[in-house]
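Visitor: Sequence and computational prediction follow.
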Amino acid sequence: MKATPKQQLALLEMQDCDTRLARLSYDSQHLPQNEQIMELRGKQDELTRTLAQSQAARNDAQRALKKLDSDIEKTTARLKVQQERQEAGLGDLRELNTRAEEIATLEKRISDLEEEHFDLESEVEQLEAGIAQTETSLSELSSQVSDLHEQRDNELADLKSQAQPLIDRRKAAMQVAGEELTREYDEIRKSTGGIGAVALHGRQVEGMTIQFSATEWERIRTAPVDELVCSDDFEWILVRIHDQDGNEVIA
């Protein structure tokens, strides 16, 4: 393919923009806030499960307390009736003895229920305290996540602002290179995973250590300046800047 020296230089401009844009894209996808947010969300999920379990246990204990209250009330009412009858001396000796035994049983039952009630109240208090602490922790985590989101958004906005001038530069270079050469460059860059064109100073590829065979170097050296030259091994477009003696090939 034929390409003027100016068009070939435009490829290097495009490559520089693409390399910088790729780095910005990588940075935007690997911001430290992303990992931190994921970690905090994991903690939020765990605490949310803990909160739900604690609330369910608290609700069960509160229902049990209500039942105990009812049982204590009914038993106390029964005890009062029996005590009043006993004090009034109603019934014969056998009835009085039987009632006395029932009164003792009711008093023991009330004592047991009150003890169970006390234990359940303590359990509810502990669960309530745990729920309050979990809710506080969740609130703090939510605040941290919000702060991280804000930091990430600011970072992304900064990266976007850095990207826009590069996008504009690339568009300008595309106009110089032309549609056909741009398409060739993009296809090569896609095939190689990011590199479409490199600068060649004599036999040295800028920023790399690459050895050319004698046959390939002869092909490169003798190609006209408006001939698009590609690497045999790497496919890249080799934009010749200087010849082997250091003279400018593309002015």
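Guide: Great, that's in hand.
Visitor: alpha carbons only for contacts and neighbour counts from here, please
Guide: Noted.
Visitor: Read off the pLDDT value for D243.
Guide: What the model reports as pLDDT for D243 is 66.
Visitor: what do you get for L127?
Guide: pLDDT, read off for L127, is 97.
Visitor: contacting residues for the nearest residue to G89 once chain neighbours are set aside?
Guide: Once flanking residues are discounted, G89 sits nearest to L96: 7.3 Å by Cα to Cα, 6 or more residues apart in numbering. Contacts for L96 were tallied using Cα atoms under 8 Å, 6 or more residues apart in numbering; they are 86, 89-90.
Visitor: Spell out the residue ranges of the helices in the stretch 51-200 of the chain.
Guide: In the stretch 51-200 of the chain, the segments counted as helices under DSSP state H, counting those that start in this stretch are 93-177, 179-192.
Visitor: how distant is the longest one from the center of its chain?
Guide: Just to be clear, that refers to helix 93-177. 20 Å (Cα atoms, centre = their mean, to the nearest Å).
Visitor: Per-residue pLDDT of G91, please?
Guide: 86.
Visitor: Point to the residue nearest the middle of this protein.
Guide: Residue closest to the average C-alpha location in the chain (Cα atoms, centre = their mean): M38, at 3.1 Å.
Visitor: Who are the packing partners of the helix or strand containing it?
Guide: When secondary structure is defined by DSSP states H and E, M38 falls within helix 32-88. In this structure, helix 32-88 packs against helix 93-177, with contacts taken as 3 or more Cα pairs under 8 Å, 6 or more residues apart in numbering; DSSP states H and E.
Visitor: ok, back up a step: for the helix holding M38, what is the average pLDDT?
Guide: 96.
Visitor: next one: stretch 199-217 to chain centre, how far?
Guide: How far stretch 199-217 lies from its chain's middle: 44 Å, per Cα atoms, centre = their mean.
Visitor: Going forward, count from 381.
Guide: Sure, I'll start counting at 381 from here, so that last one is stretch 579-597.
Visitor: got the buried residues for that stretch?
Guide: Residues of stretch 579-597 classed as buried under the neighbour-count rule (16 or more other Cα atoms under 10 Å) are 579-585.
Visitor: what do you get for stretch 525-532?
Guide: 525, 528-529, 532.
Visitor: how far out from the middle of the chain is stretch 459-473?
Guide: 73 Å.
Visitor: Buried residues in it, which are they?
Guide: Buried, per 16+ other Cα under 10 Å, within stretch 459-473: 459, 462-463, 466.
Visitor: So which of those residues is the closest to V556?
Guide: For those, the residue nearest V556 by Cα to Cα is L459; the value is 103.2 Å.
Visitor: you'd agree that closest one is up against L486?
Guide: Yes - under the criterion of Cα atoms under 8 Å, L459 makes contact with L486 at 6.1 Å.
Visitor: Restricted to strands, list the buried residues of stretch 579-597.
Guide: 579-581, 584-585 (DSSP state E).
Visitor: okay, these in JSON lines with pLDDT and distance to A383 next?
Guide: Output for these, formatted as JSON lines (pLDDT from 0 to 100; distance: Cα to Cα, whole Å):
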{"residue": "A579", "pLDDT": "96", "distance to A383": "15"}
{"residue": "L580", "pLDDT": "95", "distance to A383": "16"}
{"residue": "H581", "pLDDT": "93", "distance to A383": "18"}
{"residue": "Q584", "pLDDT": "92", "distance to A383": "21"}
{"residue": "V585", "pLDDT": "93", "distance to A383": "20"}
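Visitor: Turn those residues into a markdown table, columns for distance to S405.
Guide: Formatted as a markdown table, these follow (distance: Cα to Cα, whole Å):
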| residue | distance to S405 |
| --- | --- |
| A579 | 24 |
| L580 | 27 |
| H581 | 29 |
| Q584 | 29 |
| V585 | 26 |
